[in-house]
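S.K.: based on what follows, work out the 3D shape:
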Amino acid sequence: MSSVKMYIRLIRYINPRWRLTSAAFLLTMLCLLLNLTQPYLISRFIDQVLIGRQAEWVFPLLGSSFGISILSAVLTVAGFSIFRYLEARNTLDLRSTVLRHIRRIPLTEIEKNGVGKYMALMGMDTSATSRFINVLAVELVGQWLQMLVSLAIIFVMEWRLGIVALISIPFVIGVPRLYRRPMKDAVNKLRHHNEEIGSYLFESVQGSREIRTYGLESWEERRNEKMYKDLVKVSIREGLFRQLSGNSGALVIALTVVLLYGFGSGQVMNGLFTVGMMVAAVQYIQAVLNPIQHMNYLISDLLGSEAAMSRIEEFLQTPTESQVSVDESVPCEDSMRDAAAQTATSLEVGNDGLKTDERQPFVSCRDLYVSYEESSILKGVTIEVAKGQIAAFVGRSGSGKSTLFKTLQGFMEIESGDVRIGRSSLSGLSRQAISRQISFVSQESFLFKGTLFDNVAFGKLDATEEEVYGALCEVDLKSFVDRLPDGIYTRLDNQGFQLSGGQRQRVAIARAIIKKPDILILDEPTSALDRNTEEQVLATVFRIMKGKTVLIATHRLESIMSAGIIYVMEQGTIVDSGTHEELETRCEIYKELLKRQELLRSL
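M.R.: Model prediction:
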């Protein structure tokens, strides 16, 4: 019953395709009713042909039975094909729903749980839920219909046989239910172990270099062996309860059939039954009890589907990011554009060049506090960056630079304070509005499996070949691209394996600048480049982004000495801000960072 309730709640996330579903259900029911005529035809054949010696009935009875079998097979194939199509489509619908929700939940939630949980949701759980919707549910309805029709036929044939069937039903249903609770527990544990193993195996493949570098093969085998040992135990337990559930029901059915043969033989000898009627009665009794037995075997699948539906439903209730929906955000987005234009105008007429316009900062945080799992990360951060200004953020590792950048992109929940882009509060902007205004390049940018063109054009989906090639040339990849046999249409391996670390980073930068965003955030973007190449690439980026806002965090201070403003961060706070010349005379942390850089350069 709980499965049906969850199904009703989840059906709004899929396209039910009622016409196809109804057609497939009708075909299944017709097939079921046709199959129920076979015991009657067999009983007539026994009584009239084998016992009555009426040869004229041979071909009509056998022909009817053969024709019904052919028609039933055709209907079965047609219904099965439709159900397979529906199962595949509904699985894709559910996966799309789950993926859309993954795109809406906080990024920190995804990073905390890891890949394994979400792969299990989109893989095993959506498949199990779809199978319940399109197979188990119909099978259960069909089996119950077969049982009721067969029971009615038995009562018409002999009411005492109907009583025997009715008495047997509670035992066939009740005995296997004794194993339902431990089976449900085993099914849930089995799924948990599979999810855990999937996550660890993904981690093992992703960390292949580290495992080989540190000689961790033996450790990996020991860890996997322990996981597999636990999985085998749970799998055996689940299989044991599945077999006990099924075979206990089969035992009740076998005893019922034995009793029926004993009763039926007495009726035949007393002349109250024909042999054919007794054979048909046995088959109809089995048609009553076998569906229950079949449902007993389906209990494990049903419990698995129920658990999968429960997990999907629970996941879809995970709180989403604070950004409002697209429709609600349109006015805010317009005001952001207006603010951008207004800010740009005020900067053009001002006398301070690219200095922060105190009247209208384009990107600002005021008394910003951000926490994660009860740990305070940003504490009272206040910044003001004008449109067209380059703002650099420096500090020791763990000082909060990356968290600040995540917050500016709406990926971190704000505990208190305010973040504004133009005149609009970040909390009033949709995810789409933010992504249209901001490009981001991190220390380890992700490259998708596809062509070089695809990976750059992800920054601007309608980009032309000339735009993609131009962006790659801007980041000093012209000679490299020209040497490739397929140019910008060269296919990249997983994570751009055939590219060097510096080339991968430059492709990511090309993806960011082709979008021509109002704001470009660079979080250690050139860490994989040598100093000369870094200077060339950043000079190119700053030239392309002239008139736009650039926020950059880096440990190489020489690359940001010309920034309009530099913010020094320490333990989640802004300890000082100013130009390079101002900070090197008064800020102790900044001077320490400069000394450390000089020391590293001299080594």
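S.K.: which other helices and strands does whichever helix in the chain runs longest contact?
M.R.: Across the chain, the longest stretch assigned as helix under DSSP state H is helix 217-269. The helices and strands touching helix 217-269, judged by 3 or more Cβ pairs under 8 Å, 6 or more residues apart in numbering; DSSP states H and E, are helix 159-177, helix 180-206, helix 275-316. C-betas here are computed from N, CA, C, even on glycine.
S.K.: let's have those in a markdown table, adding mean pLDDT.
M.R.: A markdown table is the format used below for these (pLDDT from 0 to 100):
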| stretch | mean pLDDT |
| --- | --- |
| helix 159-177 | 78 |
| helix 180-206 | 75 |
| helix 275-316 | 78 |
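S.K.: so which of those is the most surrounded?
M.R.: Among the helices and strands packed on helix 217-269, helix 275-316 has the highest mean neighbour count (mean count of other Cβ atoms under 10 Å), at a mean of 21.
S.K.: can you give me how far that one is from the chain middle?
M.R.: Relative to its parent chain, helix 275-316 has a centroid offset of 30 Å by Cα atoms, centre = their mean, to the nearest Å.
S.K.: and the gap between the most centrally placed residue in the chain and Ala128?
M.R.: Nearest to the geometric centre of the chain sits Met122, at 3.9 Å (Cα atoms, centre = their mean). Distance, Met122 to Ala128, using Cβ to Cβ, to the nearest Å: 12 Å.
S.K.: then Ile167?
M.R.: Distance from Ile167 to Ala128, by Cβ to Cβ: 35 Å.
S.K.: and for Trp144, the neighbour number?
M.R.: 13 (other Cβ atoms under 10 Å).
S.K.: which secondary structure element is home to the nearest residue to Thr533 once chain neighbours are set aside?
M.R.: Spatial nearest neighbour of Thr533, excluding adjacent residues (Cβ to Cβ, 6 or more residues apart in numbering): Gly502 at 6.4 Å. In this assignment (DSSP states H and E), Gly502 forms part of helix 501-513.
S.K.: which parts of the helix or strand that that helix is followed by are buried?
M.R.: For helix 501-513, the following helix or strand on the C-terminal side (DSSP H and E) is strand 519-523. Residues Ile519, Leu520, Ile521, Leu522, Asp523 are the ones in strand 519-523 that count as buried (16 or more other Cβ atoms under 10 Å).
S.K.: possible to save these as JSON lines with pLDDT and distance to Phe45?
M.R.: What follows is those, written out as JSON lines (pLDDT from 0 to 100; distance: Cβ to Cβ, whole Å):
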{"residue": "Ile519", "pLDDT": "93", "distance to Phe45": "83"}
{"residue": "Leu520", "pLDDT": "93", "distance to Phe45": "83"}
{"residue": "Ile521", "pLDDT": "93", "distance to Phe45": "81"}
{"residue": "Leu522", "pLDDT": "91", "distance to Phe45": "84"}
{"residue": "Asp523", "pLDDT": "90", "distance to Phe45": "81"}
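S.K.: in a markdown table: the residues you listed, plus distance to Gly67.
M.R.: Below are the buried residues of strand 519-523 laid out as a markdown table (distance: Cβ to Cβ, whole Å):
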| residue | distance to Gly67 |
| --- | --- |
| Ile519 | 73 |
| Leu520 | 74 |
| Ile521 | 72 |
| Leu522 | 75 |
| Asp523 | 73 |
